[in-house]
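Trainee: Structure for the following, please:
(one chain, ligands or ions: 3)
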Amino acid sequence: MTQQMNIGLLGFGTVGTGVLEIVEQHQDKLAHQIGASVKVKRILVNDLHKDRGSLVTKDQLTDNIDDIINDEEIDAVVEVMGGIEDARLYMKRALESGKHVVTANKDVMALYGSELLQIANEKKCDLFYEASVAGGIPILRTIVEGLASDRITKMMGIVNGTTNYILTQMTKEGRLYDDVLKEAQALGYAEADPTADVEGLDAARKIAILGTLGFSMNLDLDDVSIRGISNVTSQDLAYSKQLGYTMKLVGIANRNDDKVEVSVQPTLVPHDHPLASVDDEFNAVYVYGEAVGETMFYGPGAGKLPTATAVVSDLVEVLKNKRLGVNGNSAIIPQFEKKLKTPEEIHSKYFLRIHAKDIPGTFASLTALFHKNNISLEKILQVPLNEGKLAEIIVVTHEVSKKDYDYVLERLKEEDVVVEVKSSYRAEGEMK
Ligand SMILES: NC(=O)C1=CN([C@@H]2O[C@H](COP(=O)(O)OP(=O)(O)OC[C@H]3O[C@@H](n4cnc5c(N)ncnc54)[C@H](OP(=O)(O)O)[C@@H]3O)[C@@H](O)[C@H]2O)C=CC1
Ligand SMILES: N[C@@H](CC=O)C(=O)O
Ligand code: NA
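Mentor: Numbering: from 1, shown residues only. Ligands and ions are numbered 1, 2, ... in the order given. Here you go, the predicted model:
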């Protein structure tokens, strides 16, 4: 049995410092669980001159990946440096040299996960990535192991802490988008380039990973329809609230029979929906299984220690596998061929806000257009604007096919009475 497991840590930022902290503070527990002590032997960083306080010694730090890959005493590499190409290359090299890999990198896993997992299996190495989706929530293991006997048909997740923090602060405290984004960056929630957070790409990567594991089907990032929160306005949030909804950036993966839909978009959820009360940097993933029914997993989705907890728990798994001699089984061969739903097969409610001329017949022409295209309305709100010259009209539809809704959205722009389509969002109904 290994008496000491040596780790090569790639990255020493928010998550990397958390990993070192947990490894050092929980030595006794780790040793008890895995029968070996864990030591962070080398740490790869960009800038060797940066002040790292007293956390590490000079000898531990390196800016040369070869110092880790070529060190035969290093058993496992923890990749928490972020980015795509270097991270992918370093993980590949680590696996090829027989080192186990734990990563928090959803960017790489969503794009190159199957390639890396295949190398891992060939080399009899583990490749675990629990921290890559919903930070500290052990959601990947839950789907793969906890619900292994069930057939999952729907997953809905608030899986990006930064955007949830922004939407919560804008809705509840009336704060400005730019100010809250800056704060989320300072708190360590945001990606190095926060465009990935606010434009929905980070959540899309996570929902692609969830869909792939939950539906046992190879879902790529290109299969996810993506929309972020950068165009959400305070008016949208206020009207959503008035109509009984909370706006959240929601990743959705659902399947009917053998066809699936994967998307990320700002979504209105009813105030009494469990996802509506998930605030700030917290994440939650709702999972519906045919046998188990509704389940929901909640916790911190970003931040130093929550994310590092998931990383170190993956390391524990690596060591347990090592003791049992079963490393190298991380890659799960997808059971099903990928079949994506067409727009006719995707059904949802929608919130629509338009500015229209406040003249007789406006409402009649709008309702005629909705009626002609199979759209019925669940909620309607009209507010006068510009001393009664304009009307702000907000509607929530009943469930409608995406095809019919998108068609009407285009036709609305051509209607004489419509001055501007201000915004349009997907809305959720009851849980299933
Ligand atoms: N922050 C969070 O809450 C979460 C983050 N993640 C993921 O974890 C990963 C790390 O995130 P985070 O800790 O926030 O990132 P940070 O930006 O805080 O830290 C990145 C670290 O990696 C080092 N680094 C970056 N690029 C290179 C490179 N090419 N070569 C060598 N060193 C490099 C940096 O060095 P230097 O210190 O010298 O600049 C820094 O120490 C990302 O993949 C992220 O998506 C996942 C879940 C939550
Ligand atoms: N930037 C991400 C960090 C965790 O994955 C987020 O905000 O959720
Ligand atoms: Na997780």
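
Trainee: my read: Val78 touches Phe12, true?
Mentor: No - here Val78 does not reach Phe12: they are 10.5 Å apart, not a contact under C-beta atoms under 8 Å. C-beta here means a position set from N, CA and C on the backbone, and glycine is covered the same way.

Trainee: Run through the residues of the stretch 151-300 of the chain sitting next to ligand 1.
Mentor: Taking C-beta under 6 Å from any ligand atom as the criterion, the stretch 151-300 of the chain approaches ligand 1 at residues 188-189, 191-192.

Trainee: and with 8 Å instead?
Mentor: Contact residues, the stretch 151-300 of the chain versus ligand 1 (C-beta under 8 Å from any ligand atom): 161, 188-192, 202.

Trainee: Val78 and Phe12: which is more packed in?
Mentor: Just comparing Val78 and Phe12: by other C-beta atoms under 10 Å the higher neighbour count belongs to Val78, 31 against 24.

Trainee: and the more buried one, what element?
Mentor: strand 76-79 (DSSP states H and E).

Trainee: ditto for Tyr165
Mentor: Judged by DSSP H and E, Tyr165 forms part of helix 161-173.

Trainee: and that helix, anywhere near ligand 2?
Mentor: Yes - residues of helix 161-173 contacting ligand 2 under C-beta under 8 Å from any ligand atom: 161-165.

Trainee: And ligand 3, is that helix touching that?
Mentor: No - judged by C-beta under 5 Å from the ion, helix 161-173 makes no contact with ligand 3; its nearest approach is 11.6 Å.

Trainee: related to what we said a few turns ago, export the residues of helix 161-173 next to ligand 2 to CSV and append columns for pLDDT and distance to Asp314.
Mentor: Shown next, in CSV, are these (pLDDT from 0 to 100; distance: C-beta to C-beta, whole Å):
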residue, pLDDT, distance to Asp314
Gly161, 95, 19
Thr162, 96, 23
Thr163, 97, 25
Asn164, 97, 24
Tyr165, 97, 25
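
Trainee: Which of these ranks first by neighbour count?
Mentor: Using other C-beta under 10 Å as the neighbour criterion, Thr163 leads the residues of helix 161-173 next to ligand 2 with 31 neighbours.

Trainee: quick one: contacts for it?
Mentor: Counting by C-beta atoms under 8 Å, 6 or more residues apart in numbering, Thr163 makes contact with 197-198, 200, 203, 228-229, 249.

Trainee: mind redoing it with 6 Å?
Mentor: Contacts for Thr163 (C-beta atoms under 6 Å, 6 or more residues apart in numbering) come out as 197, 229, 249.

Trainee: From those residues, keep the buried residues only.
Mentor: Applying 16 or more other C-beta atoms under 10 Å to the contacts of Thr163, the neighbour count classes 197, 229, 249 as buried.

Trainee: As JSON lines, those residues with secondary structure and pLDDT would be great.
Mentor: What follows is these, written out as JSON lines (DSSP: H, G, I helix; E, B strand; the rest coil; pLDDT from 0 to 100):
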{"residue": "Asp197", "secondary structure": "helix", "pLDDT": "97"}
{"residue": "Ile229", "secondary structure": "coil", "pLDDT": "98"}
{"residue": "Leu249", "secondary structure": "strand", "pLDDT": "98"}
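
Trainee: Nearest to Ala331 among the residues you listed?
Mentor: Asp197 (28.5 Å; C-beta to C-beta).

Trainee: right, and the closest one touches Gln185 too?
Mentor: No - Asp197 sits out of contact with Gln185 when judged by C-beta atoms under 6 Å, with a separation of 9.2 Å.

Trainee: tell me which parts of the stretch 301-432 of the chain are close to ligand 3?
Mentor: Applying C-beta under 5 Å from the ion, we find that the stretch 301-432 of the chain lies next to ligand 3 at Ala310.

Trainee: and the stretch 301-432 of the chain, which residues reach ligand 2?
Mentor: 301-302, 307.

Trainee: want to try a markdown table for the residues you listed, with pLDDT as columns?
Mentor: Listed next are those as a markdown table, based on pLDDT from 0 to 100:
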| residue | pLDDT |
| --- | --- |
| Gly301 | 89 |
| Ala302 | 87 |
| Thr307 | 95 |
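
Trainee: can you list those in JSON lines and add neighbour count, secondary structure and distance to ligand 1?
Mentor: Listed next are those as JSON lines, based on neighbours: other C-beta atoms under 10 Å; DSSP: H, G, I helix; E, B strand; the rest coil; distance: C-beta to the nearest ligand atom, whole Å:
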{"residue": "Gly301", "neighbour count": "31", "secondary structure": "coil", "distance to ligand 1": "7"}
{"residue": "Ala302", "neighbour count": "29", "secondary structure": "coil", "distance to ligand 1": "3"}
{"residue": "Thr307", "neighbour count": "28", "secondary structure": "helix", "distance to ligand 1": "4"}
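
Trainee: pLDDT averaged over the host helix or strand of Ile394 - what is it?
Mentor: Ile394 is part of strand 390-397, with elements assigned from DSSP H and E. For strand 390-397, mean pLDDT is 96.
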